[in-house]
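J.: what's the 3D shape of this:
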Amino acid sequence: MITRPGALCCLLVALLLVPPAALAERVFVSNEKDNTISVIDAESMEVTDTIRVGRRPRSMAFSNNGEWLFVAVGDDEAIDIIDLETLEVIARQSSGPDPEVIRVDPNRPYIYVSNEDDNIVTVIDYERRSRVATVPVGVEPEGLAISPDGKWIVNTTETSNMAHFIDAESLDAVHHVLVDARPRHAVFTHDGAEVWVSAEIGATVSVIDMDDLAVTHTIRFDIQGVPRETVQAVGVELTSDGRYAFVALGPSNRVAVVDQQSYEVLDYILVGQRVWHLALNSDETRLFTTNGVSGDVTVIDVDALRPLRSIPVGRFPWGVVVSP
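T.: Predicted coordinates for the structure are as follows:
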């Protein structure tokens with residue numbers, strides 16, 4: 001076969017335009033009862049690897065250099081560090097009691113850890129493998145979010161029903177905002193103008209305006225034919241274009257679709273049993289949900305707002321992240 005120079009040039013250009021993430025994107029799922037991380041190929045939607053980690057893995061986060069995956073292993077009071085090339089645990093960092101949620105600072109090699117049993121947020125330098133500070137907050141800290149500019153850390157406390165705003169420079173909690181009962185998750189909008197905080201028992205999402213640090217909207221969920229007590233707002237994921245917010249609603253087995261601009265609930269998507277956390281892939285065409293009781297991950301088509309596939313993983317999948 002003879003390939004003309006023009007055709008070869010077009011082929012090379014086409015290959016260069018294929019985004020690397022699309023070729024190598026992986027989904028990592030923490031299995032709380034199996035002490036493992038399931039690795040899913042985002043294209044084939046199949047589990048390709050299983051990584052043994054410490055006891056009770058929950059929250060996960062990537063290092064800024066893209067080389068490591070951090071996993072909070074609560075019963076070992078530590079963070080396991082996984083090499084993303086070898087998929088092996090290469091180190092363990094002490095984290096303080098019962099680490100539940102972890103987030104990585106976008107500007108510094110810091111991990112923020114919510115220590116549920118000690119009512120503190122621990123700050124760890126993951127390059128030096130040392131503790132930088134501990135920040136007192138309310139009772140039972142859980143959710144963590146970092147503003148896009150890295151200036152604010154938000155921590156939610158389940159028993160205090162508060163969102164605490166921590167100054168990233170001074171590492172002091174300087175503002176405290178009352179939200180609904182048992183706040184679980186916090187996330188900033190991509191422009192940094194708002195923080196969305198879910199409340200598990202309140203079955204709501206509180207929208208906090210960053211200009212005046214006040215709740216400006218409360219989003220409520222009511223699913224026809226589903227008992228009210230099973231509607232428990234937990235994980236929240238926002239699309240970067242400001243179009244959709246997705247809210248995991250726990251034992252109701254539904255993911256709510258919310259209009260980010262009008263705060264209107266548009267739809268409910270049926271997924272697996274006890275949906276807990278969510279993650280979008282890089283081009284935001286698919287949403288992955290962890291379903292704790294059914295032990296699987298539901299893959300949702302974001303454009304069509306419908307489930308595509310259920311992927312069996314380990315026992316009680318808790319957290320999910322997609323490789324950058």
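
J.: for the stretch 1-150 of the chain, what spans make up the strands?
T.: Along the stretch 1-150 of the chain, the segments classed as strands by DSSP state E, counting those that start in this stretch run 26-31, 36-41, 46-52, 57-62, 68-73, 78-83, 88-94, 99-104, 110-115, 120-125, 130-136, 141-146.

J.: Format those strands as JSON lines; extra columns: mean neighbour count.
T.: From N, CA and C alone the C-beta is placed, and that goes for glycine too. JSON lines is the format used below for the strands of the stretch 1-150 of the chain (neighbours: other C-beta atoms under 10 Å):
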{"stretch": "strand 26-31", "mean neighbour count": "24"}
{"stretch": "strand 36-41", "mean neighbour count": "22"}
{"stretch": "strand 46-52", "mean neighbour count": "15"}
{"stretch": "strand 57-62", "mean neighbour count": "23"}
{"stretch": "strand 68-73", "mean neighbour count": "24"}
{"stretch": "strand 78-83", "mean neighbour count": "22"}
{"stretch": "strand 88-94", "mean neighbour count": "14"}
{"stretch": "strand 99-104", "mean neighbour count": "24"}
{"stretch": "strand 110-115", "mean neighbour count": "26"}
{"stretch": "strand 120-125", "mean neighbour count": "22"}
{"stretch": "strand 130-136", "mean neighbour count": "15"}
{"stretch": "strand 141-146", "mean neighbour count": "24"}
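
J.: how about stretch 247-260: buried residues?
T.: Buried positions in stretch 247-260, judged by neighbour count with 16 or more other C-beta atoms under 10 Å: 247-258, 260.

J.: give me the low-pLDDT residue ranges for the protein?
T.: Where the chain drops to pLDDT under 70, the residues are 1-24.

J.: Output stretch 116-125 as CSV, nothing but the C-alphas.
T.: C-alpha atoms of stretch 116-125 as CSV (Å, rounded to 0.1, in the frame of the first residue of the first chain):
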residue,chain,number,x,y,z
GLU,A,116,-13.4,12.7,62.8
ASP,A,117,-12.6,11.5,66.3
ASP,A,118,-10.4,14.5,67.3
ASN,A,119,-12.5,17.4,65.9
ILE,A,120,-9.5,18.7,63.9
VAL,A,121,-8.3,19.2,60.4
THR,A,122,-4.7,18.0,60.1
VAL,A,123,-2.3,19.5,57.5
ILE,A,124,0.5,17.3,56.2
ASP,A,125,3.4,18.1,53.9
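
J.: Identify all contacting residues around that stretch.
T.: Residues outside stretch 116-125 that contact it (C-beta atoms under 8 Å, 6 or more residues apart in numbering) are 79, 93, 95-100, 108-115, 130-142, 144, 153, 155, 157-158, 166, 171.

J.: so how far is it off the chain centroid?
T.: Here stretch 116-125 is found 18 Å from its chain centre; the criterion is C-alpha atoms, centre = their mean, to the nearest Å.

J.: can you check stretch 31-41 too?
T.: From the chain centre to the centre of stretch 31-41 is a distance of 15 Å (C-alpha atoms, centre = their mean).

J.: Check stretch 149-159 too.
T.: For stretch 149-159 - counting by C-alpha atoms, centre = their mean - the centre lies 14 Å from the chain centre.

J.: Repeat that for stretch 39-47.
T.: 18 Å.

J.: Test my guess that residue 99 contacts residue 75.
T.: No - Residue 99 is beyond contact range of residue 75, at 9.9 Å (criterion: C-beta atoms under 8 Å).

J.: What ranges does the stretch 151-300 of the chain have for its strands?
T.: Assigned strands in the stretch 151-300 of the chain, in chain order: 152-157, 162-167, 172-178, 183-188, 194-199, 204-209, 214-220, 236-238, 244-248, 254-259, 265-270, 275-280, 286-291, 296-301 (criterion: DSSP E, counting those that start in this stretch).

J.: tell me which residues of the shortest one are tucked away?
T.: With burial defined by 16+ other C-beta under 10 Å, the residues of strand 236-238 counted as buried are 236, 237, 238.

J.: Who does the first one form a beta bridge with?
T.: Partner residues in beta bridges with residue 236: residue 247, with DSSP bridges as the criterion.

J.: surely it meets residue 205?
T.: Yes - judged on C-beta under 8 Å, residue 236 makes contact with residue 205 at a distance of 6.5 Å.

J.: Show me whatever sits in contact with both of these two.
T.: By C-beta under 8 Å, 6+ apart, residue 236 and residue 205 have these common neighbours: 196, 198, 245, 247.

J.: before we move on, the earlier item: out of the buried residues of strand 236-238, which one sits closest to residue 186?
T.: Of all those, residue 236 has the smallest distance to residue 186: 7.9 Å, by C-beta to C-beta.

J.: Let me see the contact set for that closest one.
T.: 185, 186, 187, 196, 198, 205, 245, 246, 247, 248, 278.
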